[in-house]
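S.K.: turn this into a structure:
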Amino acid sequence: MDLPQPEVNELTRPYWDALRTGHLVFQRCGCGHAWLPARHECPACLASAPGHARWERASGRGTLVSWVVYHTAYHPAFESRLPYNVALVQLEEGPRLLTNIVDGHEALTAEVADAAVELKVEWEGDLALARFRLAARAPAA
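M.R.: Reported below is the predicted structural model:
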């Protein structure tokens, strides 16, 4: 079964186009607030985009906030991927993003809470997706 596809429209196209080139972008309002996913108004001050919001390129670095490992597929397209994880990552620039950790669910233990993560753009057919890997850690002294 085919995976569900995102709606690519005038609002979301900059996000998907950036991923196709290997970069992650987010919106930032003139008030300073940054967010994902794309929307027409700032969730902090409610100013309407365009004019108040601009797209910015993310560094690709962030922090693993939380995750869950699914052992049940709630959509038939995900049955062959079980178990799979869904993670919440906070980008260095502030926005949070629901994503996957590519290191596999076995790597997701209590020790990786608040771990540094790095962007890894992965392709699903002709769709580029923002996923993350656990960042390399310095060896213990």
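S.K.: quickly list what the residue positioned nearest the centre of the chain is bridged to.
M.R.: Nearest to the mean C-alpha position of the chain, by Cα atoms, centre = their mean, lies residue 97 at 3.9 Å. Counting by DSSP bridges, residue 97 forms beta bridges with residue 89.
S.K.: isn't it up against residue 38?
M.R.: No - Residue 97 lies out of contact with residue 38 (Cβ atoms under 8 Å); the separation is 11.7 Å. Using the backbone N, CA and C atoms, a C-beta is placed for each residue, glycine as well.
S.K.: neighbours around the closest residue in space to residue 1 that isn't next to it in sequence, how many?
M.R.: Distances taken as Cβ to Cβ, 6 or more residues apart in numbering put residue 77 closest to residue 1, at 4.4 Å, once the chain neighbours are dropped. Residue 77 is flanked by 11 other residues according to other Cβ atoms under 10 Å.
S.K.: list the residues that contact the residue nearest to the centre of the chain.
M.R.: Going by Cβ atoms under 8 Å, 6 or more residues apart in numbering, residue 97 touches 36, 62, 88-89, 91, 130.
S.K.: now residue 102
M.R.: 120, 122, 131-133.
S.K.: list the contacts for residue 94?
M.R.: When contacts are counted by Cβ under 8 Å, 6+ apart, residue 94 touches 33-34.
S.K.: surely it is within a strand?
M.R.: No - Residue 94: not assigned to a strand; according to DSSP: H, G, I helix; E, B strand; the rest coil it is coil.
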